[in-house]
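Chemist: Everything below, folded, please.
(chains A and B)
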Amino acid sequence: MGGLGLVPDPHGGRRAPRVRALRPALDPVGAAPTAGAAGHGIILGTKPQTPATGGPDAMPDFADASYRDAFRHTASHILAQAVKRLYPETKLAIGPTIENGFYYDFDHDGSFTPEDLTAIEAEMEKIVRDHYMVERFELPRAEARALMLEKGEPYKVELIDDLPADAAISFYKQGEFTDLCAGPHIQNTSAVRAFKLTSTAGAYWRGSEKNKMLQRIYGTAFPDKKQLDAYLAAVEEAKRRDHNKLGRELKLFTTVDYIGQGLPILMPKGAKIIQILQRFVEDEEERRGYQLTKTPFMAKSDLYKISGHWDHYRDGMFVIGDESKGEEALALRPMTCPFQFQVYLNESRSYRDLPMRLNETSTLFRNESSGEMHGLIRVRQFTISEAHIACTPDQLEEEFRGCLDLARFMLEAVGLDEDVSYRFSKWDPNNRDKYIGDPEKWDAAQALMKQILDHLGLDYVEAEGEAAFYGPKLDIQIRNVHGKEDTLITVQIDFQLAERFGMEYTDRDGTKKNPIVVHRTSIGCYERTLALLIEKYAGAFPAWLAPVQVKLLPIAERHAEYAEKVAARLREQGFRVETDAREEKIGKKIREAQLEKVPYMLVMGDKEADSATVAVRSRREGDLGTMPLDDFTDKLGSEVRMRVRP
RNA sequence: GCUGAUGUAGCUCAGCCGGCAGAGCAGCUGAUUUGUAAUCAGCAGGUCGUGGGUUCGAUCCCCACCAUCAGCUCCA
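Modeler: This is a model prediction of the structure:
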């Protein structure tokens, strides 16, 4: 089932990085119109290059990412053109191509209703039918500005004013509609035969919450209806795999309005999976030289003042007590580091103690803003296997490598090793308030991290402004069913907190030094990992993770006793078993066990009871025939040991 | 926090222009004792998210709040 857990892109295109609002609209692509281009296969306004498809008359290849992007970029202009026709007072912002579609941001009074979208789609149909040629032209800055002022487009004027001095200022015109745009576009609106406006949303102008919120319309477009329908069907399929839906259906978790947002209840089956994962993680960490700690869930503000959380993370914390009223303030912990450092500080350390690897399965509390919560992916309380490694500079690379190796081992074990991407998260030097420490320390830590990443040969993207407040991170991200990426694992290098907490070691030469601290997680943000696993396996977990591994299905009431015996035998051997002893027909019991996604069903009637055997049914493969119970337990046992994927 | 949508039985969903709340599945009871994806019948189940307001009368209209979803911003 390739592309596990994704919205399949029907054209197998390389995925773009997660959308950043400002990205494509104004990348000046220093462009000249493709000379003599004819037909809508040609991309208009790209850097001179060999035609993607071999010649002006060749059919364009929608699988080609540059053509597809130009195609959808033109679709976004068709959208904007339709909106301007229907709502002339609307101001245009930006309208880039994104993965699987496009959007356009408008400054529009009120919002776009579903009826509005239908009307806009109808208008777009007309624009497509009218076969407008798309023309590109450039203007000097002053004229470009004048044109946009004349058209009453303040956002476009602002964009022009922010363009670098040497940028070509290009426009694209189709019919009566002209838009400031870097392109590229296809040459005729008629190619956009199949499209759909998929949703509306608010989005801040230029991605800053200080700015006005604009109305965004999302859509997607394809050369023909068949491809559009295939895409929409894939989106529907992804919804069926959504952990938030499946996880509730399978009774893994639930939420309760009057408990609050981001505070899921893990039901017995969900809790069981998390327990299995947690034991697996802790055992592996112990094998790799980590020592387990258990530290408090809250602390006085004093601790967070030392760590920097009080000044740089307070909005993210649940604080009890108000210092401004002279009360003692306590805060629930949003991270484990300042607590675990106390273990290091408990006695004086020497270089011989390093590296010191401390792990803890800790429950953390973060006061996420109210619009952020989502199923098990974004919650306010979660449990994570964190570790902090204190080491010397020469040990750092080795330790970092060890963290990455552990992360990969675990991802491979649970089956999340595909769909992984690496992000090197750096600080934003223009936003000093967010971070502790001076630029020299940041530069040093980031340079070192980059060097290590490059030594490891990782294929990563860099992200400015994504660092933790105390240091840069390597974020290991996993795509969910909807194609969105979430950080599951992070490895961070910290040059700062050891000094703040006075953590030292005596080196060989007798001098005191601060250790470097590596902060790392594993797959052990258990709620999020569970969410991703639900989506990965569509709820049908591998046997080693399945909350119920075997369902016993006695044919009739008289077989219940035999079923109980078999259940007891299986439980003795550590298997997770349920028995369906209802007075129902076997077909119904099987159907329900299948829907519960239990890996194995054991059907037992007179034949099996008489011969001490079981009729094995695999959820995936159906009836496997009758066999002695031991044969089945051998099979299941090895599947569990080997962590076989379904 | 911001924009928008949504909230009816445990679940999935009907419920017109304001006039006593409906189905299927699940549950319970009875019958059936069943051989690889749904046996039949009956019963029970709802302060229509919560709190205000308008109205003779509110699931329906208005306001606030809570929660969920799609995004934005933020983030494991």
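Chemist: leaving aside the residues next to it on the chain, what's closest to the closest residue to RNA strand B within the stretch 501-646 of chain A?
Modeler: Across the stretch 501-646 of chain A, no residue is closer to RNA strand B than A:G605, which sits at 2.3 Å (CB to the nearest atom of the strand). C-beta: built from backbone N, CA, C; applies to glycine. Counting by CB to CB, 6 or more residues apart in numbering, A:I555 is the residue found nearest to A:G605 once chain neighbours are left out, at 3.6 Å.
Chemist: List the residues that contact the closest residue to A:V379 other than its chain neighbours.
Modeler: Excluding the flanking residues, the one nearest A:V379 by CB to CB, 6+ apart is A:G262, at 4.2 Å. Residues near A:G262 by CB atoms under 8 Å, 6 or more residues apart in numbering: A:368, A:372-373, A:378-381.
Chemist: let's go with 10 Å and repeat that
Modeler: A:G262 makes contact with A:255, A:365-368, A:370, A:372-376, A:378-382, A:527, according to CB atoms under 10 Å, 6 or more residues apart in numbering.
Chemist: quick revisit: next, count neighbours for the residue of the stretch 501-646 of chain A closest to RNA strand B.
Modeler: 16 (other CB atoms under 10 Å).
Chemist: same deal with A:Y258?
Modeler: Residue neighbour count, defined by other CB under 10 Å, stands at 4 for A:Y258.
Chemist: can you tell me the helix or strand for the residue of the stretch 101-250 of chain A found nearest RNA strand B?
Modeler: Residue nearest to RNA strand B within the stretch 101-250 of chain A (CB to the nearest atom of the strand): A:G202, separated by 2.5 Å. Taking DSSP states H and E as the criterion, A:G202 maps to strand A:194-204.
Chemist: Equivalent analysis for A:T487, please.
Modeler: A:T487 belongs to strand A:485-494 when elements are defined using DSSP H and E.
Chemist: Same question for A:L232.
Modeler: If you go by DSSP H and E, A:L232 is part of helix A:225-241.
Chemist: averaged over its residues, what pLDDT does the helix or strand following that helix have?
Modeler: For helix A:225-241, the following helix or strand on the C-terminal side (DSSP H and E) is helix A:243-249. Average pLDDT, helix A:243-249: 93.
Chemist: So the nearest residue to A:R68 once chain neighbours are set aside: helix, strand or coil?
Modeler: Leaving out its chain neighbours, the residue that sits closest to A:R68 by CB to CB, 6+ apart is A:F62, at 5.5 Å. Per DSSP: H, G, I helix; E, B strand; the rest coil, the local secondary structure of A:F62 is coil.
Chemist: May I see the buried residues of stretch A:223-237?
Modeler: By 16 or more other CB atoms under 10 Å, the buried positions in stretch A:223-237 come out as A:223, A:227-228, A:231, A:234-235.
Chemist: circling back: would you mind measuring from the closest residue to the residue of the stretch 101-250 of chain A closest to RNA strand B other than its chain neighbours to A:E115?
Modeler: Closest residue to A:G202 apart from its sequence neighbours, by CB to CB, 6+ apart: A:M213 at 4.5 Å. Using CB to CB, to the nearest Å, A:M213 is found at 21 Å from A:E115.
Chemist: Looking at these two, which is more packed in?
Modeler: Using other CB under 10 Å, the more surrounded residue of A:M213 and A:E115 is A:M213, with 13 against 8.
Chemist: that older thread, which residues sit against the next helix or strand after the strand holding A:T487?
Modeler: Later in the chain than strand A:485-494, the nearest helix or strand by DSSP H and E is helix A:497-501. Under the criterion CB under 10 Å, 6+ apart, residues A:303, A:305-308, A:337-338, A:341-342, A:344-345, A:388, A:390, A:436-437, A:441, A:470-471, A:494, A:503-505, A:513-517, A:519 lie in contact with helix A:497-501.
Chemist: what comes up buried for helix A:497-501?
Modeler: Using 16+ other CB under 10 Å as the burial criterion, the residues of helix A:497-501 that qualify are A:497-498, A:500-501.
Chemist: Check whether it comes near RNA strand B.
Modeler: No - counting by CB under 7 Å from any atom of the strand, RNA strand B is not contacted by helix A:497-501; separation bottoms out at 14.1 Å.
Chemist: after that helix comes which helix or strand?
Modeler: By DSSP H and E, the next helix or strand past helix A:497-501 is strand A:505-506.
Chemist: By mean pLDDT, flag the weakest helix or strand of chain A.
Modeler: Here the helix or strand of chain A ranked lowest by mean pLDDT, DSSP states H and E is strand A:43-44, holding a mean of 64.
Chemist: Check which residues of the next helix or strand after that strand are buried.
Modeler: The helix or strand immediately downstream of strand A:43-44 is helix A:65-86, counting by DSSP H and E. Buried residues in helix A:65-86, defined by neighbour count with 16+ other CB under 10 Å: A:65, A:67-85.
Chemist: With stretch A:558-577 instead?
Modeler: A:559, A:562-563, A:566-567, A:570, A:575-577.
Chemist: Among the residues you listed, name the ones in strands.
Modeler: Judged by DSSP state E, the subset of the buried residues of stretch A:558-577 located in strands is A:V577.
Chemist: so which of the buried residues of stretch A:558-577 comes closest to A:D161?
Modeler: Of all the buried residues of stretch A:558-577, A:D161 sits closest to A:R576, with 64.3 Å by CB to CB.
Chemist: so what's the closest one closest to, chain neighbours aside?
Modeler: Spatial nearest neighbour of A:R576, chain neighbours left out: A:Q549 (4.7 Å); criterion: CB to CB, 6+ apart.
Chemist: Tell me the residues on the stretch 351-500 of chain A that lie near RNA strand B, please.
Modeler: Residues of the stretch 351-500 of chain A lying close to RNA strand B (CB under 7 Å from any atom of the strand) are A:366, A:368-375, A:377-380, A:382, A:384, A:434, A:465-466, A:468, A:475, A:482, A:484, A:486-488, A:490.
Chemist: What subset of these is buried?
Modeler: Buried by 16+ other CB under 10 Å: A:366, A:368, A:373-375, A:377-380, A:382, A:384, A:466, A:468, A:475, A:486-488, A:490, out of these.
Chemist: Counting only strands, which of these make the cut?
Modeler: Counting by DSSP E, these place A:382, A:384, A:475, A:486-488, A:490 in strands.
Chemist: and of these, the nearest to A:E621?
Modeler: In terms of CB to CB, no member of these lies closer to A:E621 than A:L488, at 30.7 Å.
Chemist: Now for the closest one: which residues touch it?
Modeler: Taking CB under 10 Å, 6+ apart, we find A:L488 in contact with A:407, A:410-411, A:416, A:420, A:475-478, A:521-525, A:528-529, A:531-532.
Chemist: Thank you, goodbye.
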